[in-house]
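K.L.:
here is the input, now give the coordinates:
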Amino acid sequence: MSWLSRVRNSISFLPKRQVTDTLWHKCKNCDAMVFTKEWEDNLQVCPRCDHHDRIRAHTRFDQLFDDARFDLIPTPDVREDPLKFRDTKRYADRIKAARTATEEKDALLNARGTIEGRTAVVGVQDFAFMGGSMGVAVGSAFVAGVQAAIAAHAPYIIFTAAGGA
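P.N.:
Residues are numbered from 1 along each chain as shown. This next block holds a predicted model:
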């Protein structure tokens, strides 16, 4: 029996579409096909070439906080485009498209939880949201995260994802 047959037989039945979409992950660096489970267990790092893939905010929180338990800290409501910025598209249109694509309010999310039993507040900038664009909302979310950390007498840890951050 080949290793492929053993793997195929050990996986409970999944519809064909679900198998092809979720069973394998293709490394963006070396093009190796890696089992998604192996890639996830390795914290989204390719086991062949050590390429680190982007990690979305909720995944980062799951990996970091004890038992993947955390409370999101609400992002303050801010004026979205006070400068009425426009290049090839209006900034307001870019924000709407990013919200639709990521299902997030903005590029920075904060959460409170415990790491090895100690309370911490963590901010994660999500590159999937307009490249982690740092507008008014990101600044307000950063301040909200720091204030939450001060109130909890806990450290504030931030994972940035934009080149200027």
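
K.L.:
mind listing what's buried along the helix or strand hosting His58?
P.N.:
His58 is part of helix 57-64, with elements assigned from DSSP states H and E. Along helix 57-64, these residues count as buried under the neighbour rule (16 or more other CB atoms under 10 Å): Ala57, His58, Arg60, Phe61, Leu64. Where you see a C-beta, it was placed from the backbone N, CA and C, and this is true even at glycine.

K.L.:
which residues does the residue nearest the centre of the chain contact?
P.N.:
The centroid of the chain falls nearest to Arg56 when counting by CA atoms, centre = their mean (1.2 Å). By CB atoms under 8 Å, 6 or more residues apart in numbering, the contact list for Arg56 reads Asp126, Ala128.

K.L.:
got a pLDDT number for it?
P.N.:
Note on Arg56: pLDDT of 86.

K.L.:
also Pro15?
P.N.:
For Pro15, the pLDDT comes out at 53.

K.L.:
got it, and the one 10 residues further on?
P.N.:
Note on His25: pLDDT of 88.

K.L.:
same question for the one 10 residues further on.
P.N.:
With respect to pLDDT, Phe35 scores 91.
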